[in-house]
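1. Have a look at this prediction, sequence included:
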Amino acid sequence: QDGAAYATAVVGLSALEDYDGGFFIEEAESEETKSFIRLRPGDVILHRYDTVQGVQVSQGCLWNLVFWYRGVDATVAPWLKREASSGDADAQALLGSSLLDGTSGHQQDQSRGCHWLLLAA
């Protein structure tokens, strides 16, 4: 879901003592750059579609409420083509995959999908 939305808001619902680990971000897809952000109840973190992030809970139970912002037209991400056209490799890859699969409100188009994936490479 995060990749199909321009922005994602994560709201913490669990007390810090209820879990170990939690929401994390990475500068690159590497364990060495993983930084945990411990959300208390009511804390909110907002991130873009291209943020390398995830949730890892080693003990206990973590509850978050997640909101995805996709823009005015919820079926097609209006920002995706703009970002891809401006050279954003993450947006190019996401647009290419969406066109290949016919997902995120895009009609399936193998030729255009391959075009965007090649640009992202």
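-> Perfect, I can see it now. Since we're looking at a predicted model, the values are computed, not measured.
2. okay, and for the protein, where does confidence drop off?
-> 1-4, 71-78 (pLDDT under 70).
3. contacting residues around the biggest helix by length in it?
-> Taking DSSP state H as the criterion, the chain has its longest helix at helix 89-101. Helix 89-101 has contacts (C-beta atoms under 8 Å, 6 or more residues apart in numbering) with 3-4, 49-50, 79-81, 83-84, 103-110, 112-120. C-beta: built from backbone N, CA, C; applies to glycine.
4. Kindly recompute the last result at 10 Å.
-> Residues from elsewhere that reach helix 89-101 (C-beta atoms under 10 Å, 6 or more residues apart in numbering): 3-4, 6, 48-52, 76-77, 79-86, 88, 103-121.
5. Restricted to buried residues, select the residues you listed in PyMOL.
-> To isolate the buried ones among the contacts of helix 89-101 in PyMOL, judged by 16 or more other C-beta atoms under 10 Å, type:
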select buried, resi 3+4+6+48+49+50+76+77+79+80+83+84+88+104+106+112+113+116+117+119+120
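6. where do the helices sit along this protein?
-> 78-85, 89-101, 110-120.
7. Nearest approach to Q59 belongs to which of the ones you listed?
-> Set against Q59 and scored by C-beta to C-beta, the helices of the chain come closest in helix 89-101, at 32.2 Å.
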